[in-house]
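1. Need the 3D shape of this:
(chains A and B)
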Amino acid sequence: MEGLTERFKGSIIRPWRLIFQILGVAFLFGQGFGIPPFGTSPLLRKLFLPNASCRYVDTVPTSCFYYQFQDGMTTGASTYYIDVIVILLIIVLMVLLLGRIWCSWLCPFGLVQEGLAYLREKMNIRPYRLKWAHRELLRPVKYVILFLTVLISLPIGLSGLGLLGCQSTLALPFCQVCPANGFFTISEQLLGLEPLGTALPILAIISLLLFLVSSFFVKMAFCRICPMGAFMAMFSRFSLMWLEKDVEKCTKCRICLRVCPVDHDRVFEDMESVDVSGSDCTLCGRCVEMCPEEGCLSLSFGPRRIVSSGKPGRLGFMGMFHGKEGK
Amino acid sequence: MSNGDTEGPPRYLKDREEYFSDEQRERTVSESRKMEKRVKDDLKAQKDRPAVMKYFDDIHTYGGIRVKELREFRSGGGKVVGTLCVMVPFELINAAGARGVGISSGYYEPVHPANELLGDAGLCPMVKATLGAKMVHSDPIAEELDLVVSPATCDGKLKLGEIYEDWAPVLMLNIPRVKTGDTTSKLWMGEITYLKRKLEELTGRRIKRKALLKEIGKWNEAQAAWGRLLEYRRRKTPPISGQDMLLIAQASQKDEITRWTKKAVELEKELEAMVRKGLHSGEVGAARIMLAGSPIIYPNFKIPSLVEESGGLIVSDELCSGHRIMSDPVMLDERSMSEMLMALAERYFFPCTCPCFSPNDDRIRRMKESIRIFGVEGVVYHTLRGCHLNNLEATKIEMKLREAEIPMIKLESEYDDGDVEQVRTRIEAFVEMIKTRRAFSGKKEGKRG
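-> The predicted structure follows:
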């Protein structure tokens, strides 16, 4: 039988990550699907996690910072953008503290994409691996999206430019094409939480379809163009949470490169640095749990190694055998 | 096999089947048998040898149980696949329902027929012995082959595969010898897919996803057992000799892997008991030696036995006939067929530090790491005559080791006993030097207690 236990064999990190992800989704979206509210405290509503929780679900406790970021840029001209600056500072601090761990351990987008990859694996379809050239082409795209968001959000809020009329169509530019918007608008209408036939965000629905198809075939397709990730990527290399590599122990076996969901080739290729996390690593720890060399790769917080790669054969999650396949 | 047939591709040695006299054949067989017995007797004479080692001895016995088992397996319609290199994935062979068996030869006598027929006296003796054994049919296991898989690593192996074709069907695998670059992984992956197809054709049976997964599991278990055995070599007084460890590693390529794992686990228990009783292999304060360089295949145990007779103990090796057989596991990310094949292909290729690759900095890095882990005090770098690749890397490795203050001795050897006394003198001097160094540097012998 190839059930969940089978999947977790060889995993010392992934099961914990899955628990965090599910808790994250339950917390961020539970209310949207009728799970009793955690509380309606305004404090909770002011909590901006650097991840996608969606404002288009009416009753969720919080929202992704990107919504507040866009909203603040359009409406904040009169308050000298204090709100936006505060939010961004909070996010920068969070990233400096934990790096892009928010992406892989909390973001619902990540969970959905991993679910799709799991489905693909069950259907015995191999993942489509992006070529180096394509990855290089994609890398700047997320920064471009981030830049475009600012470019559109900022001027339409400046009354002097006379663009106020565009607010209804252009405000929240990223939300209008965000797959989450498409998903929640449709599902809330289908679940009867909102009246059917309210205006459908066509662009968002198209991007939802693109999202589903692309991340079914390509591992973590959305993460590669995510503007929230782009913002975090600018600061993640300075974060306290990092991916450590003991170069002396590396056997160049290429496992880390093969298992990396975002094709972060630096872990494999860099034979000089100790810190191999760079800006694209989301600290999911897949390479750490799959690396067969004891102490070669570690997820570290400051100088402290939190979890290190170990020999296959040691006990993993809840006593399951690490690296023992197909029994 | 279709020896006498006129059908088939033109043969390199087509008319030479009758080239060798019956006496020569018989002599090769009897000399091989004698050599194997002599080497085994030496192994058995080691002090405080674990009892489980009998199994590993038996697997290697000339014309022993393994040959009988393979013969029976074949008479039942099973297919036996010989491998000429450690880069062939056994998991794939087993998943196809065939049996894999390593057939590189360590026997001295078959070198002579190969010398006569091939006309290249400077060729690597391992290649010559493997071919010679087939020429005069002196290796009983090599007589039970339905297919030989030969990755073309070095020049010797390239032509070995080609010439072997005269006696058994050979499947050559193209090894990308430059490890860097974008095409490497793709090319090797293509070769492994090709091997899978050919194995399916041979056995007439599709390699199923579940079967492959199961085989990978078996081999990973064996790898884990091997890893636990290595722990005993890290001790201050290891309970097992380096020769026995070579024998164990090579047995995994001869025997069913499940039986091998079972015995390895038994051995682990026995070693644990020995440690508790304070028994150990070799003398107290033996020089901790790492064996590196060209493959040392049973029964060509000349160098390791000389090292261990001269007051040294081999605590680590980086041979493709030793630790490298078992050093890496297959780590599966996803379990679709192509992903499993990719995991397999990469496991057998990328961590391999065969000198046929360039760049090969990984080798010196791995050696240094092993030196650290096993508390190695000196490296015996053995090259077979004609093994240019290992010869050429020796200098570089010696330089690097000098930086790390690890002495290295390079020994070039042939497949014969002529140089034993000369090599013994050099090894004894080397071991003495290590022990003297120890006294001067005040370094503690070994790293772990």
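2. Could you check the helix or strand where A:Leu111 lies against chain B for contacts?
-> Assigned by DSSP states H and E, A:Leu111 belongs to helix A:108-122. Yes - with C-beta under 8 Å from any C-beta of the partner chain as the measure, helix A:108-122 is seen reaching chain B through A:Ala117, A:Glu121. C-beta coordinates here come from the backbone N, C-alpha and C atoms, glycine included.
3. Any idea how far that helix is from the middle of the chain?
-> What separates the centre of helix A:108-122 from the centre of its chain is 13 Å, taken as C-alpha atoms, centre = their mean, to the nearest Å.
4. Which element is encountered next along the chain beyond that helix?
-> The C-terminal neighbour of helix A:108-122 among helices and strands, as given by DSSP H and E, is helix A:132-138.
5. Can I get the helix or strand just after that next one in CSV? Just the C-alpha atoms.
-> Proceeding C-terminally, helix A:132-138 gives way to helix A:141-156 as the next helix or strand, assigned by DSSP H and E. The C-alpha coordinates for helix A:141-156 follow below in CSV (Å, rounded to 0.1, in the frame of the first residue of the first chain):
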residue,chain,number,x,y,z
VAL,A,141,9.4,38.0,-13.7
LYS,A,142,8.4,38.1,-10.0
TYR,A,143,10.2,41.4,-9.5
VAL,A,144,8.6,42.8,-12.7
ILE,A,145,5.2,41.9,-11.3
LEU,A,146,6.1,43.6,-8.0
PHE,A,147,7.3,46.7,-9.8
LEU,A,148,4.2,46.8,-12.0
THR,A,149,2.0,46.6,-9.0
VAL,A,150,3.6,49.7,-7.5
LEU,A,151,3.6,51.4,-10.9
ILE,A,152,-0.2,51.0,-11.2
SER,A,153,-1.3,51.4,-7.5
LEU,A,154,0.7,54.5,-6.7
PRO,A,155,-0.3,57.0,-9.4
ILE,A,156,-4.1,56.2,-9.3
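6. Going by contacts, tell me the helices and strands next to helix A:141-156.
-> With contacts defined as 3 or more C-beta pairs under 8 Å, 6 or more residues apart in numbering or on different chains; DSSP states H and E, the secondary structure elements packing on helix A:141-156 are helix A:65-75, helix A:167-170, helix A:173-177, helix A:227-236.
7. worst average pLDDT in the ones you listed?
-> Ranked on mean pLDDT, the bottom entry among the helices and strands packed on helix A:141-156 is helix A:167-170, at a mean of 74.
8. Are we agreed that B:Ile207 is in a helix?
-> No - when classified by DSSP: H, G, I helix; E, B strand; the rest coil, B:Ile207 is found to be coil rather than part of a helix.
9. Let me know how buried it is, in neighbour terms.
-> Residues within reach of B:Ile207, counting by other C-beta atoms under 10 Å in any protein chain shown, total 23.
10. Do you know the pLDDT at it?
-> For B:Ile207, the model assigns a pLDDT of 96.
11. before we move on, what about B:Lys179?
-> Value listed for B:Lys179 in the pLDDT field: 89.
12. who touches it in this structure?
-> A:Lys252, B:Phe350, B:Phe357, B:Ser358, B:Pro359, B:Asn360 (C-beta atoms under 8 Å, 6 or more residues apart in numbering or on different chains).
13. ok, the third one to chain A distance?
-> Pointing back at B:Phe357 there. If you measure B:Phe357 against chain A using C-beta to the nearest C-beta, to the nearest Å, the figure is 10 Å.
14. what residues are up against that residue?
-> Taking C-beta under 8 Å, 6+ apart, we find B:Phe357 in contact with B:Arg177, B:Val178, B:Lys179.
15. Spatially nearest residue to the second one (excluding sequence neighbours)?
-> Using C-beta to C-beta, 6 or more residues apart in numbering or on different chains and skipping the chain neighbours, the partner closest in space to B:Val178 is B:Ser358 (5.8 Å).
16. need the contact list for that neighbour.
-> Going by C-beta under 8 Å, 6+ apart, B:Ser358 touches B:Arg177, B:Val178, B:Lys179.
17. Please point out which parts of the helix holding A:Leu111 sit buried.
-> Of all the residues in helix A:108-122, those buried under the rule 16 or more other C-beta atoms under 10 Å in any protein chain shown are A:Pro108, A:Phe109, A:Gly110, A:Leu111, A:Val112, A:Gln113, A:Glu114, A:Leu116, A:Ala117, A:Arg120, A:Glu121.
18. Report the residue ranges of every domain in the chain.
-> Answering for chain A, as no chain was given. For chain A, automatic domain parsing gives the domain ranges A:4-232, A:241-314.
19. should've been chain B
-> Each structural domain of chain B that the record assigns through automatic domain parsing is listed here as a residue range: B:16-206, B:212-441.
20. follow-up on the earlier one: pick the most buried one from the domains of chain A.
-> Mean neighbour counts were taken over the domains of chain A using mean count of other C-beta atoms under 10 Å in any protein chain shown, and the top value, a mean of 20, falls to domain A:241-314.
21. Return the subset of the contacts of B:Ser358 lying in strands.
-> Among the contacts of B:Ser358, no member falls in strands (criterion: DSSP state E).
22. Just give me the closest of the residues you listed to chain A.
-> Ranking the contacts of B:Ser358 by separation from chain A, with C-beta to the nearest C-beta as the measure, puts B:Lys179 on top at 8.0 Å.
23. Export the domains of chain B as a markdown table, with columns for distance to A:Cys287.
-> Formatted as a markdown table, these follow (distance: least, C-beta to C-beta, whole Å):
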| stretch | distance to A:Cys287 |
| --- | --- |
| domain B:16-206 | 17 |
| domain B:212-441 | 10 |
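24. Figure out which of those domains is closest to A:Arg135.
-> domain B:16-206 (12.1 Å; C-beta to C-beta).
25. before we move on, the earlier item: and the helix holding A:Leu111, what other elements does it pack with?
-> When contacts are defined as 3+ C-beta pairs under 8 Å, 6+ apart, helix A:108-122 packs onto helix A:14-29, helix A:179-190, helix A:202-217.
26. Can you redo those as a markdown table, where the extra columns are distance to chain B and mean pLDDT?
-> Converted to a markdown table, the helices and strands packed on helix A:108-122 look like this (distance: least, C-beta to the nearest C-beta, whole Å; pLDDT from 0 to 100):
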| stretch | distance to chain B | mean pLDDT |
| --- | --- | --- |
| helix A:14-29 | 11 | 84 |
| helix A:179-190 | 24 | 82 |
| helix A:202-217 | 12 | 92 |
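27. for those, which one sits closest to B:Lys218?
-> Ranking the helices and strands packed on helix A:108-122 by proximity to B:Lys218 (C-beta to C-beta) places helix A:14-29 first, at 23.7 Å.
28. Of all residues in the stretch 51-200 of chain B, which one is closest to chain A?
-> B:Asp182 (6.6 Å).
29. so who does that residue touch?
-> The neighbourhood of B:Asp182, defined by C-beta under 8 Å, 6+ apart, consists of A:Trp132.
30. where does the stretch 1-150 of chain B have low pLDDT?
-> Counting by pLDDT under 70, the stretch 1-150 of chain B has low-confidence residues at B:1-17.
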